[in-house]
Every structure is written in structure tokens, then in C-alpha cells.
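[1] After the sequence you'll find the predicted model.
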Amino acid sequence: MKTLVVFLSFVSALFLSEFLSAQTVDIVTFNAENLFDTQDDVDNPRDDTYLPLATKAVRGSTHEQKCEEYNSGFYLNQCKSLDWNEDVYDAKLKAYADVLLAMPKVPDLVVIPETENLKVMEDLVSRHLSDEGFSIVQLDTSDEPESRGIDVALLSKLPIVGEPKAHVVDFGRDRERCGVTRDILQATVELPGGENLTVFGVHFPSGRSPSQCRYRAFKQLSKLANDLPEGSLSVAAGDFNINCNETSSDAYARLLLRGNWYTSPVVTHGCTAPGSSKYVERLLYNWNTWSFLDQILVSQELSMTKPSQKNWFAEIGSFQTLVVHPSQYKVDEDDSGYIEPRRFDPVTKTGVSDHWPVGIRLLKRRNE
């Protein structure tokens, strides 16, 4: 009997070793929620909230006027009174990095919505991720006040191929009601073995905008992907801002089908957990609903269910939220026991983001 147990333990260890040694490319998207530095960007009036109080005091009435121009209510008070000093800024950077470092494997690709500029990414990597071998893509192109001067960034352990691009979302005849949104980031990386993977990073219009605005942005994303050379591998990741009522609709199913995108069934399952962000069902005022505002879509050539001669496929079942650090979650304010993402608190320097990261794994199709 003891011999059998030892043998089974050996087999289990061997199986686990083989599983862990499988070559993977791990992709994560994680909304950084207002990752601003402490410096005033004169071209971005929407960064005035994220300045040290000492800087705001020197600016005096000029600062208050800027705050009043673009904010109201809670956000107006925050713009005037928040002390976004260097210690707070670094705590925010470290909290974000701690989550990535706590993951079972530090991701190979990280798509990061809500980054102000290249500097915040350089600070994140140099201060807290310097051993991970990340290259940075942050083009800082979305400077219109309506987009809050934030962009989608990319961290990559894989070699960057060619020049990354930023694509302005054209809302066409819906421009008046949709306004502007963050540009779509496009970057190509080289997968192990030499094949290229095009990564699209997105941050679509918020839930305050009509659904049509997000759907228009989605259609432009699909056009960019479909314009790639035939047989290209591509993923789209980021904050789609498409709530659970929308992702479970026939309209969204058609968007996926016509765009040749594949996603995990958990994304389209409705408003029950799991999800990457709390979604308020305003009709019922139900806070215990969830949406995958954050998604990772894969192109047809990465599908598990389509024949392909490409060397990589997306293991759709690996798509999941990644709650790996205690700083990521909290119990609801009424202490009822409901769990929700814990956004970063500049006063206590706790929390990380109001979104949870999601991830997916690419595997070799053929293991020679």
C-alpha cells in the first residue's frame, strides 16, 4: 500500500511538473483607475485633481476655477481638497504592482486603461517592477477634456514589433451624443517561436453614454482587426464598459460574431457573479450584480474550435478574474458581507482599483 501511495505521488508530481512547464503566454487587463502623476500637465485640464495640496495652494483661485469648469459635487470637492502628493502617488504605484507580482505567474502582457502618460508607466516599472523585463507602450494621445487625458498602456515581456499606433474612435453621426473617448491602442508583439500577435487596448465610453456609443467603438475595433493580414493572431483587451445587461444581449452576440471575436461564456452569462466590477441595476437599486466591464477577446485564429495552422491558441476556459491580494477587495459599506473591489484611498493609502483584473492564457497548439 505504501508503495502504491509513493508511486501515485510520483505520478502526480510528474503530471504537475509537466503542466507547470507547458509554455504559456499570460495576458491580463487591469484598469489602474486614475493613475496620474503629481505634476500639472498644462495641456490636460482634467489632471488638476491629482496634484499635491501645496501646488493647489500656490495656484489659488486659478486652481479652483479650473476645478469648477470640469467638476461638480463630490468630484469638485475632491479636485479642490485631494492631496495627491508623492507619497500617495508611490503608494498607488506599489499597490498596483503588488497585485501583478502576487499573480501565480507575472503576466507576459498587461493592458492598462486609465494611465495619464508615459511617465506614470516608467515610474511603475522602475520603482516596483524593475526585475520583470517589461517594455512599455504608452502613446499619450487622448488629451481632450472629455477623455480625462487618460490612455490605455501596455506592459510587455515579449519583443515589440514595429511602431505602436493610436486610433481615434470616430462616432460618425453619433458624435454629438457620444463626444470623444480614449484612442484604441494597437501594438504587435512577437510570440515565442516567432509568430506575431497584435494587441488592441481599449477603454470605451462609460456607462453614462448610450449603448450605441460603445457599440460604435466596438465596430471600429473589429474593423481594425479585420484589416490585418489574413490569418493574423490578435487579441483585444481593456475596459469595454459594456455592462452585464448589454453583454448578455443579442446585439452584443452579433457584434462578436460579425467582428470574428471569441470570448468566454462567463462574460455573456448575465449579471450574477463572477465579474470584474460591480454593476448597479438602477431600476431595482441592486448593488449585488456584476459585470465584466473588462474583457479579453481573441481572434478566430486563436480559437480552440476552429482549424488553424498557427502555433498558438487561447484556452478560453482560463479566462477569469484575478483576486490575488487582500488589498483588492472589501466588504460593502453597510457591512452586510457583500464583497466588492476596493478602490485606492489616498488618505489611508489602501486599496488598488474599482476594477478587478481579468486574465487569459495562450498555449502552444502543437507540442513537438
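    Yes, it's here. Note that the coordinates shown come from a computational prediction; the quantities given were computed from them, not determined experimentally.
[2] what packs against the strand ranked longest in the chain?
    The residue-count maximum for a strand in the chain (DSSP state E) belongs to strand 312-321. Applying 3 or more Cβ pairs under 8 Å, 6 or more residues apart in numbering; DSSP states H and E, we find strand 312-321 packed against strand 294-299, strand 358-364. All C-beta spots, glycine's among them, are computed from the backbone N, C-alpha and C.
[3] Name the stretch among those that sits most buried.
    Highest mean neighbour count of those: strand 294-299, a mean of 26 (counted as mean count of other Cβ atoms under 10 Å).
[4] Tell me the strands beside it, with direction?
    Strand 294-299 has its sheet partners listed here by DSSP bridges as strand 233-239 (antiparallel), strand 261-262 (antiparallel).
[5] who touches the last one?
    Applying Cβ atoms under 8 Å, 6 or more residues apart in numbering, the set of residues contacting strand 261-262 from outside is 222, 225, 236, 255-256, 297-300, 302-303, 314, 316.
[6] do the same with stretch 313-324
    Against stretch 313-324 from outside (Cβ under 8 Å, 6+ apart): 28, 30, 99, 102-104, 235, 262-267, 274-276, 296, 298, 302-304, 329, 356-363, 365.
[7] Now list the buried members of those residues.
    Neighbour counting over those (16 or more other Cβ atoms under 10 Å) leaves 28, 30, 99, 103, 235, 262-264, 266-267, 275-276, 296, 298, 302-303, 356-363 as the buried ones.
[8] domains in the protein, as residue ranges please.
    Structural domains annotated on the chain: 23-37+85-364, 39-84, as defined by automatic domain parsing.
[9] For H128, give me its contacts.
    Residues near H128 by Cβ under 8 Å, 6+ apart: L93, K94, Y96, A97, D98.
[10] Quick check: P107 vs L362, distance?
    11 Å (Cβ to Cβ, to the nearest Å).
[11] Help me confirm that T289 is found in a helix?
    No. According to DSSP: H, G, I helix; E, B strand; the rest coil, T289 belongs to no helix; its state is strand.
[12] So what's the residue count around it?
    Neighbour count for T289, taken as other Cβ atoms under 10 Å: 18.
[13] quick one on the thing from earlier: ok, residues contacting the very next helix or strand once past the longest strand of the chain?
    Using DSSP states H and E, the helix or strand that follows strand 312-321 in sequence is strand 329-331. The contact list for strand 329-331 (Cβ under 8 Å, 6+ apart) reads V323, G337, Y338, I339, E340, P341, R342, G351, W356.
[14] Name the nearest residue to P192, ignoring sequence neighbours.
    Nearest residue to P192, sequence neighbours excluded (Cβ to Cβ, 6 or more residues apart in numbering): Q23, at 6.2 Å.
[15] Spit out the contact partners of the one you found.
    Q23 touches P192, L363, K364, counting by Cβ under 8 Å, 6+ apart.
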